[in-house]
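Trainee: Okay, predicted coordinates and the sequence, questions at the end:
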Amino acid sequence: MFHDATIKDLTMNVSLLENEKAKAEAERDELKKRLEKLIEVNEEIKSVVNDHAEG
């Protein structure tokens, strides 16, 4: 009986951790996309500034 309760608790904890991991991975993926977009925009801005400085 003791082991059944312990296993149930551990299984529940694993489930919660897996859900948190999935949320963290989704958030990480979204942040990566935003970062890539910001890097892209930064490169465009640098290009415009350099063109303006040369012209």
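Mentor: Arrived safely.

Trainee: All the helices of the protein, in order from the start?
Mentor: Along the chain, the segments classed as helices by DSSP state H run 2-54.

Trainee: Name the spans of it whose pLDDT lies under the cut-off.
Mentor: Across the chain, the stretches falling below the confidence threshold (pLDDT under 70) are 1.

Trainee: Distance of the residue most central in space within it relative to Leu16?
Mentor: Nearest to the mean C-alpha position of the chain, counting by C-alpha atoms, centre = their mean, stands Arg28 at 0.3 Å. Distance, Arg28 to Leu16, using C-beta to C-beta, to the nearest Å: 19 Å. Yep, even glycine has a C-beta here, placed from its N, CA and C like the rest.

Trainee: Repeat that for Gly55.
Mentor: To Leu16, Gly55 is 58 Å away according to C-beta to C-beta.

Trainee: Which of those two has more residues huddled nearby?
Mentor: Counting neighbours by other C-beta atoms under 10 Å for Gly55 and for Leu16 shows that Leu16 has the greater number, 10 against 5.

Trainee: do you know how far that one is from Lys23?
Mentor: Computed with C-beta to C-beta, the distance linking Leu16 and Lys23 is 11 Å.

Trainee: do Asn13 as well
Mentor: 16 Å.

Trainee: cool, and Asp4?
Mentor: 29 Å.

Trainee: How about Leu35?
Mentor: With the distance defined as C-beta to C-beta, Leu35 ends up 18 Å from Lys23.

Trainee: Could you report the neighbour count for Glu30?
Mentor: With neighbours defined by other C-beta under 10 Å, the count for Glu30 comes to 10.

Trainee: Ala24 now?
Mentor: When neighbours are counted by other C-beta under 10 Å, Ala24 registers 10.

Trainee: One more: Val48?
Mentor: 10.

Trainee: Also Asn42?
Mentor: Asn42 has 10 neighbouring residues, counting by other C-beta under 10 Å.

Trainee: The one 3 residues further on too?
Mentor: By the measure other C-beta under 10 Å, the count of residues near Ile45 is 10.
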